[in-house]
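Visitor: Whatever this is, show me its structure:
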Amino acid sequence: MAGEQLLLPSQEALLYRLQHLACYGEQLVLLTGAVGAGKTTLITALANELEDYNLALVACPQHASAAEIRRKIIMQLLPDPLFDDETPLVDTLLRFVPQLQKPLHILLDDADNLPLTLWAECLLLTQLQCAGMAVTLTLTASPEFTKQLLPQLPQQQRQWLLPVNLEPLSLAEREGLYQTLLARSQQQTFTPRSIVIKQLEQQRGTPAEVLQLLQLALQGEPKAVPPKSWHRIALVALIVVSMLAAAIWYTDKITTPLPKQQVASLVVSNQIPLSPNLLDWLPPAWRPSSKTAAVAVTIPWREGHIEVTAKAIKTPETVVAAEDSELLRDAAATADVTTSDLPVVNNAQTVELGESSASAPVKTVAAPRPTVTADAENTAGSKPRNTAVTKAAMPTNAKTTLPKDGYTLQIASVKQLQSVPGQLSVLPEDSQVWLCRNGPWWVIFNGHFSSRQQALKAAKIIQQRGGAEPWIRPWKTLQNYQPQPLPQP
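Guide: Below is the predicted model of the structure:
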């Protein structure tokens, strides 16, 4: 025999039979046997014996496509072929058979991984002839696959298939294989022959089992890998999740800006009188000298200072100053009259003290008076200061129902009803006005426009009249607002 495969007597006898079927048979030979029974060894030895044949020995991997198997077969059978691997094997070989001088034999190992289309093509190949002899095929498969395949074949094609079963090794062959492999390993074992025979008797009779027993005798039992405890895995997973959650929380904290905190002010009610004892306690440089006006005293306090404002006996000037400040704030809310900001001391805390007694030495300091900008002076004109907003022609009636489509202009939102007339002063007298209530707010809407472009034009007109830029809003979003009548002047 060509080659140096180690074959037992029963395997040699089977090899001679397979060689005879390959030379004179006209059927597809299907060699079946359990895993490790020696199927691959036998067809390899058969390929070494068929030297006068055009051979193709292909191992069929799992999930291999039919085109891949065809390509491997034809590349071994034909020298420099030009073919299409999507074409069935029968059609491809018919083109090249007249050119071949040797018979064909195809060996496919692990043929239970072949697609069913290739099984049909292999059965049809047994009906072809090459160099005066039938094309023969030898395939290997498991007994389970053979039992499933045979019922699927038609009766005529079953005659083209010849199953050959690979019988188990006898006890004598098993022991002979064991001793032969042990001698080739050139190692010594301390396992008694009686124990080896008992182990061989418990086997099914495959060469793979004998080889496994020899490896166990030479190397001993492999160290078992302890299974991983699920408790440890769960603990590690919990720690990882906790660390990730902490990292996410910390990242969110450091990226979130802190809210702005207002500097706390120390305020003492103006009902507390500025007693003479308190004035005597102050250093001479801080003591007021007037009894009739508001007094501002700055006292150092740690890193900053405290600004103490002592309100003296109310005089007509102080009353007018208080009324002016309230009037100007109302005018700024209603008629866009801006006032200059009062000077603020940085990092200051303000303490307001009550009226000083008539006998306390109080230094008169003029209270800062709010200044009115040029726009406010033009608006006020020569009228009295408590009427800072000029009364102009404005709408007097408001709509009581809200449209459901189109757009409108939101002029202003105020919390005080008395601020509404001042906001209406920028609108023409014939304007469509809606005064609506939405929670604590009084909302003023002007106009009903069919498109946003019309609303934009009307908004520019209002800005030209001195009003702020209105807010364009669709009517369909304002249906929950409650229309109200305009306040009477």
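Visitor: where in the stretch 251-400 of the chain is pLDDT low?
Guide: Low-confidence regions of the stretch 251-400 of the chain, defined here as pLDDT under 70, cover residues 258-398.
Visitor: let's see 50
Guide: In the predicted model, the stretch 251-400 of the chain carries pLDDT under 50 at residues 265-273, 291-323, 327, 334-392.
Visitor: Need the CA coordinates for stretch 118-138. CSV is fine.
Guide: Listed in CSV are the C-alpha atoms of stretch 118-138, where the atom choice follows Å, rounded to 0.1, in the frame of the first residue of the first chain:
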residue,chain,number,x,y,z
LEU,A,118,-25.2,18.3,-4.5
TRP,A,119,-26.4,14.8,-3.4
ALA,A,120,-28.7,14.7,-6.4
GLU,A,121,-25.8,15.8,-8.7
CYS,A,122,-23.5,13.1,-7.2
LEU,A,123,-26.1,10.4,-7.9
LEU,A,124,-26.4,11.6,-11.5
LEU,A,125,-22.6,11.4,-11.9
THR,A,126,-22.7,7.6,-11.4
GLN,A,127,-24.5,7.4,-14.7
LEU,A,128,-21.7,9.0,-16.6
GLN,A,129,-18.6,7.3,-18.1
CYS,A,130,-15.1,8.6,-18.5
ALA,A,131,-12.2,6.7,-20.4
GLY,A,132,-14.5,3.7,-20.9
MET,A,133,-15.4,3.3,-17.2
ALA,A,134,-18.2,4.6,-15.0
VAL,A,135,-17.6,7.7,-12.8
THR,A,136,-17.4,6.4,-9.2
LEU,A,137,-17.8,8.3,-5.9
THR,A,138,-17.1,7.4,-2.3
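Visitor: quick one: average confidence on that stretch?
Guide: Averaging the model's pLDDT scores along stretch 118-138 yields 90.
Visitor: next one: stretch 192-211
Guide: 88.
Visitor: neighbouring contacts of it?
Guide: 8, 33-38, 41, 167-171, 174-175, 177-178, 181, 213, 217 (Cβ atoms under 8 Å, 6 or more residues apart in numbering). Every residue, glycine included, has its C-beta placed from N, CA and C.
Visitor: same thing but 7 Å
Guide: Under the criterion Cβ atoms under 7 Å, 6 or more residues apart in numbering, residues 34, 36-38, 168-169, 171, 174-175, 177-178, 181, 213 lie in contact with stretch 192-211.
Visitor: got the buried residues for the helix or strand hosting L123?
Guide: Remark: L123 resides in helix 116-125, with elements defined by DSSP states H and E. Taking 16 or more other Cβ atoms under 10 Å as the basis for neighbour counts, the residues of helix 116-125 that come out buried are 118-119, 121-125.
Visitor: just stretch 439-456 next, same as before
Guide: The neighbour-count criterion (16+ other Cβ under 10 Å) identifies 442-449, 455 as the buried residues of stretch 439-456.
Visitor: Taking those residues together, which two end up most distant?
Guide: W442 and F449 (22.0 Å; Cβ to Cβ).
Visitor: that older thread, out of the buried residues of stretch 439-456, the closest to V426 would be?
Guide: After measuring those against V426 - Cβ to Cβ - the closest member comes out as N446, at 9.2 Å.
Visitor: Got phi/psi on the closest one?
Guide: Here the main-chain torsion angles of N446 (degrees, to the nearest 10) amount to phi -130, psi 130.
Visitor: what's near enough to touch it?
Guide: The neighbours of N446, taking Cβ under 7 Å, 6+ apart as the test, are 408-409, 411, 427, 431-433.
Visitor: Could you export the buried residues of helix 116-125 as JSON lines, including distance to L244?
Guide: Rendered in JSON lines, the data for these read as follows (distance: Cβ to Cβ, whole Å):
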{"residue": "L118", "distance to L244": "52"}
{"residue": "W119", "distance to L244": "54"}
{"residue": "E121", "distance to L244": "57"}
{"residue": "C122", "distance to L244": "57"}
{"residue": "L123", "distance to L244": "60"}
{"residue": "L124", "distance to L244": "62"}
{"residue": "L125", "distance to L244": "62"}
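Visitor: Just give me the closest of the residues you listed to Y53.
Guide: L125 (14.0 Å).
Visitor: Thought L137 was touching that closest one, still the case?
Guide: Yes - contact between L125 and L137 holds when scored by Cβ atoms under 7 Å: they sit 6.3 Å apart.
Visitor: That's all I had, so thanks and see you.
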